[in-house]
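**Q** I'll drop the sequence and a predicted model, then ask my questions.
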Amino acid sequence: MAVALETGRLSPPFSTSNVANYIPAALNRDIVDELNRLNVIGVHSQHIAYTLRLLAEERSTSQAVSDRVDLVWTSPEIAGSQSRDTGVVVRELFNTAKISVLISSFAIDKKQKARELFMVLAERMDLSPELNVRMFLNVNRPHNSEVPTSTLLREFASSFRQDIWPGKRLPEVFHDPRSLTVGVESKACLGYRAIHHHSNHSRHHLMIDVRDDTSRHIGCLLNR
């Protein structure tokens, strides 16, 4: 329509018949009325065309931004929802990782669930020595436990190898030492789940997963 207005193929007075080739039929009447209203108040066809191009550019930019964000849902799917399952998204990220993956979580599955989740990433690590994986995990002290911190860390390391990580090459694992403090004065806990994925030198993905006030997990996937 902008081209038609600029070249004179479409000119006032506007009618449903002469704009029919440029817009959907359902919008025909409303757009014709608006075009004629603009013409009455002195807006030239060239100015209308320029405005249409600005609107098209703004819509294109907005869509590009929208396409970079996906809603991720951990809990059972709600009817009519357009969100994506967290496990599917995570495995997709792991499967395309080439440079680095950073994982942060306050809780992590074990045994079969863990193997199903991390198998793809573990296999990629074993095949790609250049792939760097770091995990920031919550290692907590059981309630009222006074077991030495070194013992708890050894138990966690053993459990990580046996029940969580299925690969030969291990990721770097970090924790907050305050989570193992005896007493409650200086306790700490990782409160969010997040994955930062670097697939190449210009492509980054960040998935953030949080718990809402109904104890369901929701999140978003940002692509850059």
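**A** Arrived safely, thanks for sending.
**Q** what segments of the chain are helices?
**A** Listed in chain order, the helices of the chain (DSSP state H) span 2-7, 28-40, 45-67, 86-96, 111-127, 149-159.
**Q** would you turn these into JSON lines with distance to His175 and mean neighbour count?
**A** Every C-beta, even on glycine, is put in place using the N, C-alpha and C of the backbone. JSON lines is the format used below for those (distance: least, CB to CB, whole Å; neighbours: other CB atoms under 10 Å):
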{"stretch": "helix 2-7", "distance to His175": "58", "mean neighbour count": "16"}
{"stretch": "helix 28-40", "distance to His175": "60", "mean neighbour count": "14"}
{"stretch": "helix 45-67", "distance to His175": "36", "mean neighbour count": "12"}
{"stretch": "helix 86-96", "distance to His175": "21", "mean neighbour count": "17"}
{"stretch": "helix 111-127", "distance to His175": "17", "mean neighbour count": "16"}
{"stretch": "helix 149-159", "distance to His175": "8", "mean neighbour count": "13"}
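**Q** with mean pLDDT and distance to Ile195 added, can I get those helices in a markdown table?
**A** Shown next, in a markdown table, are those (pLDDT from 0 to 100; distance: least, CB to CB, whole Å):
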| stretch | mean pLDDT | distance to Ile195 |
| --- | --- | --- |
| helix 2-7 | 92 | 43 |
| helix 28-40 | 92 | 45 |
| helix 45-67 | 81 | 19 |
| helix 86-96 | 80 | 6 |
| helix 111-127 | 91 | 10 |
| helix 149-159 | 94 | 20 |
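**Q** looking at those helices, which is nearest to Leu137?
**A** Between Leu137 and the helices of the chain, the shortest gap by CB to CB is with helix 149-159, which sits at 8.2 Å.
**Q** would you format the helices of the chain as a markdown table with distance to Leu180 included?
**A** Formatted as a markdown table, those follow (distance: least, CB to CB, whole Å):
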| stretch | distance to Leu180 |
| --- | --- |
| helix 2-7 | 65 |
| helix 28-40 | 65 |
| helix 45-67 | 42 |
| helix 86-96 | 27 |
| helix 111-127 | 22 |
| helix 149-159 | 5 |
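**Q** of the ones you listed, give the one that comes closest to Met135.
**A** Among the helices of the chain, helix 111-127 sits nearest to Met135 (CB to CB), with 9.6 Å.
**Q** that closest one vs helix 86-96, what angle?
**A** Relative orientation of helix 111-127 versus helix 86-96 (axes from the mean of the first three to the mean of the last three CA atoms, to 10 degrees): 20 degrees.
**Q** tell me the angle helix 111-127 makes with helix 149-159.
**A** Using the same axes, to 10 degrees, helix 111-127 lies at 80 degrees relative to helix 149-159.
**Q** number of residues surrounding Ser179?
**A** Residue neighbour count, defined by other CB atoms under 10 Å, stands at 19 for Ser179.
**Q** wouldn't it be in contact with Ala188 here?
**A** Yes - at 5.1 Å, Ser179 and Ala188 qualify as touching, with contact defined as CB atoms under 8 Å.
**Q** what comes up buried for stretch 98-106?
**A** For stretch 98-106, the neighbour count (16 or more other CB atoms under 10 Å) marks 101-105 as buried.
**Q** mind checking which of those are in strands?
**A** Assignment to strands by DSSP state E places the following of the buried residues of stretch 98-106 there: 101-105.
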